[in-house]
Each structure stands twice: as structure tokens, then as C-alpha cells.
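Q: Please work out how this folds:
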Amino acid sequence: MGLRSLAVPLFNAQGQVQAALNVGVHAGQMTAREMIERVLPELQKAARELTLLLR
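A: Sure thing, here's the model as predicted:
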């Protein structure tokens with residue numbers, strides 16, 4: 001039993017970290033490389049969009 005997780009910061013108007021966005025999957029679902037290649041770009045996109053709402 002294992003878990004793989006990625007997190008990205010969300011920034012406020014002052015450029016300070018206000019929150020974080022995290023995704024976790026069971027380690028058997030995908031490799032670390034798959035997470036970086038498939039999940040990270042989507043997580044970063046969501047973080048950019050949410051950061052705009054915090055400003």
C-alpha cells in the first residue's frame with residue numbers, strides 16, 4: 001500500500017503562498033513519471049486559474 005502525491009502552491013496578490021492544491025493517487029495506479037507527465041501539467045493549470053481568483 002502506497003500513495004503518490006503532487007502539490008502546487010496558490011499565491012495571493014502579494015505573491016505569498018496562500019494555499020496549496022494537492023492530488024494523491026494509489027501508488028499502483030500510476031508511476032511517479034506518469035504523475036509528472038500527466039497530472040502535474042493539469043495541476044499547474046488549475047493552480048494558475050485559482051491564483052487569479054485569490055488576487
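
Q: who's in contact with the longest helix along the chain?
A: Longest helix in the chain, counting residues (DSSP state H): helix 40-54. With CB atoms under 8 Å, 6 or more residues apart in numbering as the test, helix 40-54 has contacts from 6-13, 18-19, 21, 23. Just so you know, the C-beta spots here come from the backbone N, C-alpha and C atoms, and that holds for glycine as well.

Q: Give me the buried subset of those residues.
A: 6, 8, 10-11 (16 or more other CB atoms under 10 Å).

Q: Mind putting those residues into TSV with distance to L50, pLDDT and secondary structure?
A: Formatted as TSV, the buried ones among the contacts of helix 40-54 follow (distance: CB to CB, whole Å; pLDDT from 0 to 100; DSSP: H, G, I helix; E, B strand; the rest coil):
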residue	distance to L50	pLDDT	secondary structure
L6	15	97	strand
V8	10	98	strand
L10	5	96	strand
F11	9	94	strand
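
Q: So for A27, what's the nearest residue that isn't a sequence neighbour?
A: Leaving aside its sequence neighbours, A27 sits nearest to G2 (CB to CB, 6 or more residues apart in numbering; 3.3 Å).
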